[in-house]
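**Student:** Predicted model, plus sequence, below.
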Amino acid sequence: MTTQEAPPKVARPRPDPSDLSRPYFEGAKQRKLLLQRNKRSGAYLFYSHYFDPADPDAELEWVEASGKGKIYSFTIVRQHPHPFFMERLPYAYAIIELDEGVRLISNVLTDDVEALRCDMPVVVDFEDIDDEIAVPVFRLAS
């Protein structure tokens with residue numbers, strides 16, 4: 001009698017942080033959603049910048065965001081060529097508008113993608129890709 005081994009689990013594609021985006025990913029690994037903020041105006045930026053396009057002389061700092069927001073827009077993905085994502089079908093790919101005013105793209109993890117609507121409140125969660133990298137994902141707020 002032989003036993004069959006389960007096929008190896010397919011890993012999620014891994015981002016390759018640059019020097020500029022490294023703080024964002026280091027924060028995610030620590031379960032913190034970090035954003036850049038203009039020290040002078042208080043305006044938040046996303047994605048990572050070397051300077052604020054609206055205020056190039058201002059200093060930028062990394063700060064922890066609230067992790068709260070709402071679904072600005074989304075699509076339900078029903079087909080995907082990568083095996084990792086095929087196992088998750090269907091899933092929601094969304095633009096999240098954070099309470100801080102910036103928008104980012106992420107997944108909304110839910111058992112019922114058909115029930116999703118724009119403006120639904122969400123909160124950040126984190127998904128480990130490996131021992132070094134985690135990515136922010138979102139769940140519906142209670």
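**Tutor:** Received it, and whenever you're ready, just let me know what you need.

**Student:** how about the strands in this structure?
**Tutor:** Secondary structure of the chain by DSSP state E: the strands cover 34-38, 44-45, 60-64, 68-77, 91-98, 103-109, 121-128, 134-140.

**Student:** quick check: angle from the fourth one to strand 121-128?
**Tutor:** Think strand 68-77. On the basis of axes from the mean of the first three to the mean of the last three Cα atoms, to 10 degrees, strand 68-77 is oriented at 70 degrees to strand 121-128.

**Student:** Adjacent strands (with direction) for strand 68-77?
**Tutor:** Note on strand 68-77: by DSSP bridges, its sheet partners are strand 91-98 (antiparallel), strand 121-128 (antiparallel).

**Student:** Format those as JSON lines; extra columns: distance to Glu59 and mean pLDDT.
**Tutor:** C-betas here are computed from N, CA, C, even on glycine. Converted to JSON lines, those look like this (distance: least, Cβ to Cβ, whole Å; pLDDT from 0 to 100):
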{"stretch": "strand 91-98", "distance to Glu59": "21", "mean pLDDT": "97"}
{"stretch": "strand 121-128", "distance to Glu59": "25", "mean pLDDT": "97"}
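
**Student:** quick one, which of these is packed in tightest?
**Tutor:** Between the strands paired with strand 68-77, strand 91-98 has the highest mean count of neighbours, a mean of 20, where neighbours are mean count of other Cβ atoms under 10 Å.
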